[in-house]
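> okay, here's the prediction I keep looking at, along with the sequence it came from:
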Amino acid sequence: MLDFITKAPLRRTVSAVVVAASMAGAAYAQDITLRYGHMNAPNSIAGMQADWLAEAIAERTDGAIEVQVFPSSQLGKLQELAEGVSTGTIALSHNTAGAIGSLHPPFAAFDTPYLYRDVDHLMKVVDTDSPVMQQLNEELIEAAGVRVLYAFYFGARNLTADRAIKTPADLEGVKIRSIPFPIYTAAVEGLGAVPVPIDWSEVPTALATGVVSGQENPVNVAVAHKLYEVQSHMMETRHIVAAEVVLINEDTWQGLSDEHKAALQAAAEEVRQKATEYVIASETEDKAKLEELGMTIIGPEDGLDVEAFRASVEERIDAEFGDQYGDFYEQVEAVE
């Protein structure tokens, strides 16, 4: 968790400088430049949607706002990107809900395994107009000076490994990379494995050298980052139906005119829908592509005991987060 008592003044100071510079640019050059940093490859879905957002904002503001996109962890690793948006050194970034939990812990609950009925349910919950997201967004702004601009469907997270896995017992003693935040560590433990927190920038090397035997991510990540070169099997556990969340620094947001805020919101809705539709359409295609590239896909029809994984993961999550997030889970369940 961040030390908000010491970091909050820094956040306001840095953001104020960024916004002041932007507004000065607007006064004299009629433009504003915003930096968007992220960890993904440019050809990944997450990377492409960042470029789509930059294009949509430029179009809807007639070029008055330029978004410069820095992919592949150029502006920092997972934690550093979240902190960068909070301090204002980066105007925009996207991240998992669990990682955003480093800024405001309750936000991580959005990435609870086996929480959503389906993709439609997920997208209703993470819509910025939903009561659940509105509350958490207000808390995030207060806690870290960061606002959710939009969230898009990022895919269902599946387990990959250098061997076939069909039950939680098959993962006993097996080291699996987890995103270095508590909700994901607990999820990997629930699957039956030994979680090893590793930043994404180090994962391909960790897999290739055997530091870990597997990882978990949506199929589009396995394709974009060529995980088929270092992993032989993918298990369709679909343990987290996940959204990727796009953040904007709050001081930067408040420094925009009402016209520009409306333009960003319109661009956000356009990209949210486009990215979600793209992910849904590509999941089947990406699965087939992985098979063509030599990965063995193991699903329920191949003996994967999804219910055993679900029961094991839910027991682990309830033990650590049930008391803390119980009310949140009830609110999510009530969303129709």
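That came in fine, so what should we check first?

> mind checking the SS state of Ala242?
Look at Ala242: counting by DSSP: H, G, I helix; E, B strand; the rest coil, its state is strand.

> how close does it sit to Leu75?
Shown here: Ala242 relative to Leu75, a distance of 22 Å by Cβ to Cβ, to the nearest Å. Heads up, the C-betas are built off the backbone N, CA and C, glycines and all.

> ditto for Glu283
Plainly put, Glu283 is 29 Å away from Leu75 if you go by Cβ to Cβ.

> which parts of the stretch 201-336 of the chain are helices?
For the stretch 201-336 of the chain, applying DSSP state H, counting those that start in this stretch gives helices covering 203-209, 219-224, 250-254, 258-292, 306-334.

> against which helices or strands is the second one packed?
Contact analysis of helix 219-224 by 3 or more Cβ pairs under 8 Å, 6 or more residues apart in numbering; DSSP states H and E lists helix 45-60, strand 146-161, helix 258-292 as its packing neighbours.

> same question, the last one
Using 3+ Cβ pairs under 8 Å, 6+ apart as the contact test, the elements touching helix 306-334 are helix 131-144, helix 182-191, strand 233-249.

> what sits against the closest residue to Leu75 other than its chain neighbours?
In space, Leu75 comes closest to Gly37 once its chain neighbours are excluded; the distance is 3.3 Å by Cβ to Cβ, 6 or more residues apart in numbering. For Gly37, the contacting residues are 69-70, 74-76, 81, 84, 90, 92-93, taking Cβ atoms under 8 Å, 6 or more residues apart in numbering as the criterion.

> I'd like the distance between the nearest residue to Ile297 once chain neighbours are set aside and Phe154.
Counting by Cβ to Cβ, 6+ apart, Ile297 lies nearest to Met234, which is 5.2 Å off, once chain neighbours are set aside. Taking Cβ to Cβ as the measure, Met234 falls 16 Å from Phe154.

> could you do Ala99 as well?
The gap separating Ala99 from Phe154 is 12 Å, by Cβ to Cβ.

> do Ala275 as well
Going from Ala275 to Phe154 by Cβ to Cβ gives 8 Å.

> shared neighbours, those two?
Ile45.

> and Ala58, how many neighbours does it have?
When neighbours are counted by other Cβ atoms under 10 Å, Ala58 registers 17.

> which pLDDT value goes with it?
We have a pLDDT of 98 for Ala58.

> quick one: it and Val69 touch, right?
No. Counting by Cβ atoms under 8 Å, Ala58 stays clear of Val69, with 11.5 Å between them.

> thinking again about what came up before, mean pLDDT lowest for which of the helices of the stretch 201-336 of the chain?
Ranked by mean pLDDT, these end with helix 219-224 in last place, scoring a mean of 92.

> domain ranges for this protein?
4-153+242-282, 158-240+286-334 (automatic domain parsing).

> and Tyr114, that one's in a strand?
No. Per three-state DSSP, Tyr114 lies outside any strand segment and is coil.

> what comes up buried for stretch 100-116?
Across stretch 100-116, burial judged by 16 or more other Cβ atoms under 10 Å covers 100-105, 107-116.

> do stretch 210-217 as well
Across stretch 210-217, burial judged by 16+ other Cβ under 10 Å covers 212-217.

> with stretch 238-255 instead?
238-253, 255.

> contacting residues for Phe107?
Phe107 makes contacts with 97, 100-101, 136, 139-140, as judged by Cβ under 8 Å, 6+ apart.

> ok so, going back, check the domains of the chain for me: which has the lowest mean pLDDT.
Mean pLDDT across the domains of the chain is lowest at domain 4-153+242-282; the value there is a mean of 88.

> gap between Glu244 and Ala268?
13 Å.

> revised request: answer the last question for Met235.
Counting by Cβ to Cβ, the gap from Met235 to Ala268 is 34 Å.
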